[in-house]
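1. just to be clear, the model below is a prediction. Sequence and coordinates:
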Amino acid sequence: MSKIYATDRDGTKVELEGRENMSLMEILRLGGLSIEALCGGSCQCATCHVFIDEPWINDLKPQTDFEEAALEEEGSEVASNSRLSCQIKWHEGLDGIVLTVAPEA
Ligand code: FES
């Protein structure tokens, strides 16, 4: 079973199972984490912002211009390991990924 190690906004640590054909945002929401995802995954709201730990951040597909723009507009703390979880499709290669839900904007 592939795993996601996530820390919620309040510091709660949870272990979730990866699910094929779902985005990271969908898996985190299913797991009850505080991901709002107001735009439903269309890269417009940035309320699915997470920080991805090393070395996983380097293994992800690069941000699109749309994702970068959405993060910039979000207004909360954006870091070099910031990503929109709706833009990351789950696959087995992400087994063991570690992430933290970003603070509310
Ligand atoms: S859910 Fe809105 S940008 Fe990810």
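-> Sure thing, it's come through. Remember, predicted model here, so these are calculated numbers, not experimental data.

2. what is the burial count for His91?
-> Counted by other C-beta atoms under 10 Å, the residues lying close to His91 total 11. (Each C-beta comes from the backbone N, C-alpha and C, glycine too.)

3. not counting its neighbours along the chain, what's nearest it?
-> Nearest non-adjacent residue to His91, counting by C-beta to C-beta, 6 or more residues apart in numbering: Glu20, 7.3 Å away.

4. the one you found and Leu94, how far apart?
-> As judged by C-beta to C-beta, to the nearest Å, Glu20 and Leu94 stand 11 Å apart.

5. which of the two has more neighbours?
-> When Glu20 and Leu94 are compared on other C-beta under 10 Å, the one with more neighbours turns out to be Leu94, at 19 against 9.

6. look up phi and psi at that one.
-> When quoted as degrees, to the nearest 10, the phi and psi of Leu94 stand at phi -90, psi 10.

7. run through the residues that contact it.
-> Taking C-beta atoms under 8 Å, 6 or more residues apart in numbering, we find Leu94 in contact with 2, 4, 18, 24, 56, 59, 88.

8. now do the contacts for the residue nearest to the third one when sequence neighbours are not counted.
-> Taking C-beta to C-beta, 6+ apart, and ignoring the residues beside it in sequence, Gly18 has Ser2 as its nearest neighbour in space, at 3.6 Å. Ser2 makes contact with 17-18, 90, 92, 94-96 under the criterion C-beta under 8 Å, 6+ apart.

9. what's the closest of the residues you listed to the ligand?
-> The shortest distance between the ligand and any of those, using C-beta to the nearest ligand atom, involves Trp90 and amounts to 14.4 Å.

10. quick one: neighbours of that closest one, just the number.
-> Based on other C-beta under 10 Å, the number of other residues close to Trp90 is 21.

11. was I right about Phe66 contacting Cys43?
-> Yes. Under the criterion of C-beta atoms under 8 Å, Phe66 makes contact with Cys43 at 4.9 Å.

12. which pLDDT value goes with the residue nearest to His91?
-> Looking at Glu20, its pLDDT stands at 93.
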